[in-house]
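**Student:** sharing a model prediction with you, sequence too.
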Amino acid sequence: MSRIGRKPVTLPKGVTAQIMDDSVKVTGPKGELSMSVVPSITISADGPVLTVTRASDAKPDKAFHGMTRALLANMVKGVSEGFKKDLEIIGVGWRAQMQGRKLILNLGFSHPVEYDPPQGIEITTDGPTKISVQGIDRQVVGQVASEIREYRPPEPYKGKGIRYVGEYVIRKAGKAGSK
């Protein structure tokens, strides 16, 4: 039995789940999310508690069991609290600013980089070197943060680049002096 899959998902106050034949729709104060469910996985509601069960002990069913429960828990957390990823820019003269909904990044290229976030994602800048990505869908928040980071990933010699807050970048020694 999947350790993750057998844990129940508790719905906080203000969050409702609507279970259809092949999908689940979770609605909360921050919005609503829906997900399709594999036919061998069953989701049942008992008051404010959702449980995920599987039809058999086949290997794919075991994998889908834990994954479905994790995705369901992420949906519940997203519509109640939301998700947030923070990024920081390290580099002399490199900065970020918002222009309407667009994020404008000056990263040492010959031109500023413009990033237009997808629907449902809110990007804010706290100062010129701090970027915050927020939304209700955990997968989309992580994807947007990853796309922004890809413009200038941290390099190992000086540590310059865009990194997640708290990310540790392994530094390399530079060229050894010749004598």
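**Tutor:** Arrived safely, thanks for sending.
**Student:** look up how far Leu87 lies from the residue most central in space within the chain.
**Tutor:** For the chain, the residue nearest the mean C-alpha position is Gly142 (3.0 Å; CA atoms, centre = their mean). To Leu87, Gly142 is 12 Å away according to CB to CB, to the nearest Å. In this view, the C-beta of every residue, glycine as well, is placed from N, C-alpha and C.
**Student:** next helix or strand past the helix or strand encompassing the residue nearest to the centre of the chain?
**Tutor:** Gly142 belongs to helix 138-150 when assigned by DSSP states H and E. Proceeding C-terminally, helix 138-150 gives way to strand 161-164 as the next helix or strand, assigned by DSSP H and E.
**Student:** could you list every helix and strand in contact with that next one?
**Tutor:** In terms of contacts (3 or more CB pairs under 8 Å, 6 or more residues apart in numbering; DSSP states H and E), strand 161-164 is packed against strand 83-90, helix 138-150.
**Student:** just the CA trace of the helix holding Gly142, in PDB.
**Tutor:** C-alpha atoms of helix 138-150 as PDB (Å, rounded to 0.1, in the frame of the first residue of the first chain):
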ATOM      1  CA  ARG A 138       1.800  24.400  -7.800                       C
ATOM      2  CA  GLN A 139       3.000  23.000 -11.100                       C
ATOM      3  CA  VAL A 140       2.500  26.300 -13.000                       C
ATOM      4  CA  VAL A 141       4.200  28.400 -10.200                       C
ATOM      5  CA  GLY A 142       7.200  26.100 -10.300                       C
ATOM      6  CA  GLN A 143       7.300  26.200 -14.100                       C
ATOM      7  CA  VAL A 144       7.200  30.000 -14.300                       C
ATOM      8  CA  ALA A 145       9.900  30.300 -11.600                       C
ATOM      9  CA  SER A 146      12.000  27.800 -13.600                       C
ATOM     10  CA  GLU A 147      11.500  29.700 -16.900                       C
ATOM     11  CA  ILE A 148      12.600  33.000 -15.200                       C
ATOM     12  CA  ARG A 149      15.600  31.300 -13.700                       C
ATOM     13  CA  GLU A 150      16.700  29.900 -17.100                       C
END
